[in-house]
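# my questions concern the predicted model and sequence given below.
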Amino acid sequence: MSTDYLEDIVIGTVLEFGEKTITREEIINFAKKYDPQPFHIDEEAAKKSIYGDVIASGWHTGSVTMRMMVDHMVNERAALGSPGFNNLKFRRPVRPGDTLRVRSTVKDVKRSKSRPDMGTIYGLVEVLNQNDEVVMSFDSLGMIKARTTGGQ
């Protein structure tokens with residue numbers, strides 16, 4: 001496995017990866033610990049909600065997404081973490097039995113002016129279900145080491 005540095009990242013690159021099927025038990029267990037809203041943890045209450053069944057917490061979906069990103073993309077890069085993200089959208093409910101995967105698109109790459117040994121990858125991350133419906137999206141910011149301190 002080779003490590004990608006700032007100079008290796010190409011604007012327009014699209015990566016699709018991961019596959020995680022979300023179970024009812026996982027939804028309820030995660031939500032009981034981190035987001036105990038009735039439509040996440042109580043099957044009877046969820047049936048009466050606008051969702052008709054339990055749905056995954058958006059934070060659960062985000063956690064699953066982060067795991068897939070680390071397993072399939074981040075660990076292959078000279079990654080330095082992230083200062084955050086923008087425009088997080090929970091676009092569709094994630095339901096028991098949904099199988100999720102990630103599509104990551106590189107939108108821009110910039111070398112740091114103050115720290116030329118590193119830069120930032122700007123991307124769009126979309127999480128899709130088994131029907132190719134986007135269930136979550138966000139604009140990502142990823143810091144990455146540069147191989148050199150010169151221009152790209």
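Structure's in. What do you need? Numbers count the residues shown, from 1 in each chain.

# and the residue nearest in space to the middle of the chain, what does it touch?
Nearest to the mean C-alpha position of the chain, by Cα atoms, centre = their mean, lies Thr65 at 3.8 Å. Thr65 is in contact with Leu100, Val102, Val125, Val127, Met136, counting by Cβ atoms under 8 Å, 6 or more residues apart in numbering. Just so you know, the C-beta spots here come from the backbone N, C-alpha and C atoms, and that holds for glycine as well.

# I'd like those residues as CSV, with neighbour count, secondary structure and pLDDT appended.
Supplementary listing: the contacts of Thr65 in CSV, determined by neighbours: other Cβ atoms under 10 Å; DSSP: H, G, I helix; E, B strand; the rest coil; pLDDT from 0 to 100:
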residue, neighbour count, secondary structure, pLDDT
Leu100, 21, strand, 98
Val102, 24, strand, 98
Val125, 23, strand, 98
Val127, 26, strand, 98
Met136, 23, strand, 98
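
# for stretch 18-36, buried residues please.
Gly18, Lys20, Ile22, Ile27, Ile28, Phe30, Ala31 (16 or more other Cβ atoms under 10 Å).
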